[in-house]
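Chemist: When you get a sec, could you give me coordinates for this:
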Amino acid sequence: MLNHRSVNLIFPLLFILLLTLDFKIGISNWFYPMLVVFKFAVMFWGSYFINSNYHIKTRCDVKTDKKEIAITFDDGPDKNVTPALIEVLNKHNAKAAFFCIGRKIEGNENVIKKIDSEGHIIGNHSFSHSNFFDFFTTGKMKREFEQSDKLVFDATGKQMNLYRPPYGITTPAMKKAVKEKQYETIGWSVRSMDSMQKNEQKLMNKLTKQLKPGAVFLFHDTWPGVVPLIDKFLTEAKVQGYSVVRLDELFKINAYKNV
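Modeler: Predicted structure coming up:
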């Protein structure tokens, strides 16, 4: 499997091969910068596409014949949108996972308690969700994880076990931090793009086309339009014979530590 470790082993060997060929038969000097560009292209792909498993083993979907899917939300909690979403989810008897930003938990502890008491999952999505999070050191990432962990523990008495990287970007520093915290890293197989595309019909068309067994859908509980969108999506999923299961049930993992 192509990952950070294997690439670091392969590219020195390729460089040695180029040097050998250059010494024996002579090759164009362009091969050397091309090798460097190719390496950076692979690193970019691996870092920016969470399902590549390049840096961190990430659960993005499940291979199954059962018509089951999981619903996840990022970037909350929001004091208005998140509770409204919970009501819609309850209406459809569907349980979701909410990957929360620590700084948004502060002052919204009652929302966190509601997520938990209604049977939904809370996951770690960093404390700051900074635009520069993927440039943070391992130590700084760990401190952010621990800040969010404490806020959720203080509100619910539960220690989060699930982590989703901000923006879906992974790095070697993050790999170390995640390993030390012993998180299960969670991605997605269907990104709704609801934070960019606000046209409900276009979003519905995109989502229903990607309904398949074992899929994990990513939404954002940060804009009011997601509430009617989820209502319609869950209705359509049910019409097509799909049921929504909690993320930990789909992956058969623990949502929280020490349980």
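Chemist: need the helices for the stretch 51-200 of the chain, in chain order.
Modeler: 81-91, 102-105, 109-117, 138-156, 172-181, 200-209 (DSSP state H, counting those that start in this stretch).
Chemist: Just list what the last one packs against, helices and strands only.
Modeler: When contacts are defined as 3 or more C-beta pairs under 8 Å, 6 or more residues apart in numbering; DSSP states H and E, helix 200-209 sits against helix 226-239. (Each C-beta comes from the backbone N, C-alpha and C, glycine too.)
Chemist: buried set for the helix it packs on?
Modeler: 226-227, 229-234, 237 (16 or more other C-beta atoms under 10 Å).
Chemist: What strands flank the following helix or strand past that helix, and is each parallel or antiparallel?
Modeler: Next along the chain after helix 226-239, taking DSSP states H and E as the criterion, comes strand 243-244. Here strand 243-244 is paired, per DSSP bridges, with strand 68-76 (parallel).
Chemist: what angle separates the partner strand from helix 81-91?
Modeler: 160 degrees (axes from the mean of the first three to the mean of the last three C-alpha atoms, to 10 degrees).
Chemist: re earlier: and Ile16, which of the helices of the stretch 51-200 of the chain is closest to it?
Modeler: Ile16 sits nearest to helix 172-181 of all these, at 23.3 Å, using C-beta to C-beta.
Chemist: Quick one: residues contacting Met204.
Modeler: Shown in contact with Met204 (C-beta atoms under 8 Å, 6 or more residues apart in numbering): 229, 232-233, 236.
Chemist: rerun that using 10 Å as the cut-off
Modeler: Residues near Met204 by C-beta atoms under 10 Å, 6 or more residues apart in numbering: 192, 229, 232-233, 236.
Chemist: And for Pro213?
Modeler: 61-69, 242.
Chemist: Which of these are buried? Put it as a PyMOL command.
Modeler: Of the contacts of Pro213, the buried ones can be selected in PyMOL as follows, counting by 16+ other C-beta under 10 Å:
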select buried, resi 61+62+68+69+242
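Chemist: Mind putting the contacts of Pro213 into CSV with pLDDT?
Modeler: CSV is the format used below for those (pLDDT from 0 to 100):
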residue, pLDDT
Asp61, 98
Val62, 98
Lys63, 97
Thr64, 97
Asp65, 96
Lys66, 97
Lys67, 98
Glu68, 98
Ile69, 98
Tyr242, 98
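Chemist: Find the pair from the contacts of Pro213 with maximum spatial separation.
Modeler: Lys63 and Tyr242 (15.9 Å).
Chemist: that older thread, could you export the contacts of Pro213 as a markdown table, including distance to Leu19?
Modeler: Listed next are the contacts of Pro213 as a markdown table, based on distance: C-beta to C-beta, whole Å:
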| residue | distance to Leu19 |
| --- | --- |
| Asp61 | 42 |
| Val62 | 45 |
| Lys63 | 43 |
| Thr64 | 48 |
| Asp65 | 51 |
| Lys66 | 53 |
| Lys67 | 54 |
| Glu68 | 52 |
| Ile69 | 51 |
| Tyr242 | 55 |
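Chemist: before we move on, back to that, point out the most buried one among the helices of the stretch 51-200 of the chain.
Modeler: helix 102-105 (a mean of 20; mean count of other C-beta atoms under 10 Å).
Chemist: Restrict stretch 107-124 to CA atoms and write it as PDB.
Modeler: Below are the C-alpha coordinates for stretch 107-124, written out as PDB (Å, rounded to 0.1, in the frame of the first residue of the first chain):
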ATOM      1  CA  GLY A 107     -20.900  28.200  26.100                       C
ATOM      2  CA  ASN A 108     -22.800  25.400  24.300                       C
ATOM      3  CA  GLU A 109     -22.300  22.700  26.900                       C
ATOM      4  CA  ASN A 110     -26.100  22.200  27.000                       C
ATOM      5  CA  VAL A 111     -26.100  21.300  23.300                       C
ATOM      6  CA  ILE A 112     -23.300  18.800  23.900                       C
ATOM      7  CA  LYS A 113     -25.400  17.300  26.700                       C
ATOM      8  CA  LYS A 114     -28.400  17.100  24.400                       C
ATOM      9  CA  ILE A 115     -26.400  15.300  21.700                       C
ATOM     10  CA  ASP A 116     -25.300  12.800  24.200                       C
ATOM     11  CA  SER A 117     -28.600  12.300  26.000                       C
ATOM     12  CA  GLU A 118     -30.400  11.700  22.700                       C
ATOM     13  CA  GLY A 119     -28.100   8.900  21.800                       C
ATOM     14  CA  HIS A 120     -25.800  10.500  19.300                       C
ATOM     15  CA  ILE A 121     -22.000  10.400  19.200                       C
ATOM     16  CA  ILE A 122     -19.600  13.200  20.000                       C
ATOM     17  CA  GLY A 123     -16.200  13.200  18.300                       C
ATOM     18  CA  ASN A 124     -13.100  15.300  18.500                       C
END
